[in-house]
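Peer 1: next input, structure requested:
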Amino acid sequence: MTDSTPADETSFGTLYRDHRSWLEGWLSRRLGDAWEAADLAQDTFLRVLAAHPGQRLPSLREPRAYLLTVGKRLLINHYKRRSLERAYLEALANLPEALAPSPEQRWILLEALQALDELLDGLPRAVRQAFLWAQLEGVDYATIAERLQVSERTVKRYMVKAYAHCLLVAL
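Peer 2: This is a model prediction of the structure:
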């Protein structure tokens, strides 16, 4: 009995072996950091593997284009996370030292902020902003309406849309 790969399937190992160094190089040129590029390349292959358990992938006409699509999404997430971290660290710098969280608390807060950012991804900017002001800062709907230059009724619609989005993503 032979262990042959059907013509319409590709081995994950073959994909990894043939394209890992190319993907790392591409990511490294964008990031300017070989270590981060290696991490993102690994994450890319982990995503591919998670999407296709069992080591067999559908036949890929353009495997590099497929890997590039997954890698670009991870790169965008990487930049968003870095931006979020910078904003968080700037906010921390403005806190009195007595109120500053411990390194462990900082990590937990950053993870929570990242999860919230991913949860709200896909919402229109105004809906997202209204939700964040209401939930994180306790801003009332009238003030949000003023800030966004919309009616209070529109803010209520934004909030319903944001809550519905969160519920759908959580399911």
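
Peer 1: need the residue closest to the centroid of this structure.
Peer 2: For the chain, Asn77 is the residue whose C-alpha lies nearest the centre (Cα atoms, centre = their mean; 3.9 Å).

Peer 1: tell me the secondary structure at that one.
Peer 2: Using DSSP: H, G, I helix; E, B strand; the rest coil, the structure places Asn77 in helix.

Peer 1: who's in contact with it?
Peer 2: Applying Cβ atoms under 8 Å, 6 or more residues apart in numbering, we find Asn77 in contact with Glu118. C-beta: built from backbone N, CA, C; applies to glycine.

Peer 1: repeat the analysis, applying 10 Å as the threshold.
Peer 2: For Asn77, the contacting residues are 40, 43, 114, 117-118, 121, by Cβ atoms under 10 Å, 6 or more residues apart in numbering.

Peer 1: cool, Ser102 as well?
Peer 2: Ser102 makes contact with Ile108, according to Cβ under 10 Å, 6+ apart.

Peer 1: can you flag which of the contacts of Asn77 belong to strands?
Peer 2: Among the contacts of Asn77, DSSP state E puts none in strands.

Peer 1: okay, those residues in TSV with distance to Gln149, pLDDT and neighbour count next?
Peer 2: Below are the contacts of Asn77 laid out as TSV (distance: Cβ to Cβ, whole Å; pLDDT from 0 to 100; neighbours: other Cβ atoms under 10 Å):
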residue	distance to Gln149	pLDDT	neighbour count
Leu40	39	92	23
Asp43	40	90	17
Gln114	30	78	16
Asp117	24	78	16
Glu118	28	79	13
Asp121	24	80	12
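
Peer 1: end to end, how far does stretch 120-130 reach?
Peer 2: Stretch 120-130 stretches 11 Å from its first residue to its last (Cα to Cα, to the nearest Å).

Peer 1: make residue 1 into 2 and carry on from there
Peer 2: Fine by me, first position is 2 from now on; the one you just mentioned is stretch 121-131.

Peer 1: give the buried residues for that stretch.
Peer 2: For stretch 121-131, the buried set under the neighbour-count rule, 16 or more other Cβ atoms under 10 Å, comprises 121, 124, 127-131.

Peer 1: repeat for stretch 151-169
Peer 2: Buried, per 16+ other Cβ under 10 Å, within stretch 151-169: 155-156, 159-160, 162-163, 166-167.

Peer 1: just so I have it, where are all the helices in the chain?
Peer 2: Using DSSP state H, the helices of the chain run over residues 13-32, 35-52, 64-94, 104-121, 126-137, 142-149, 153-171.

Peer 1: so which of those comes closest to Leu58?
Peer 2: Comparison of those against Leu58 by Cβ to Cβ identifies helix 13-32 as nearest, at 6.0 Å.
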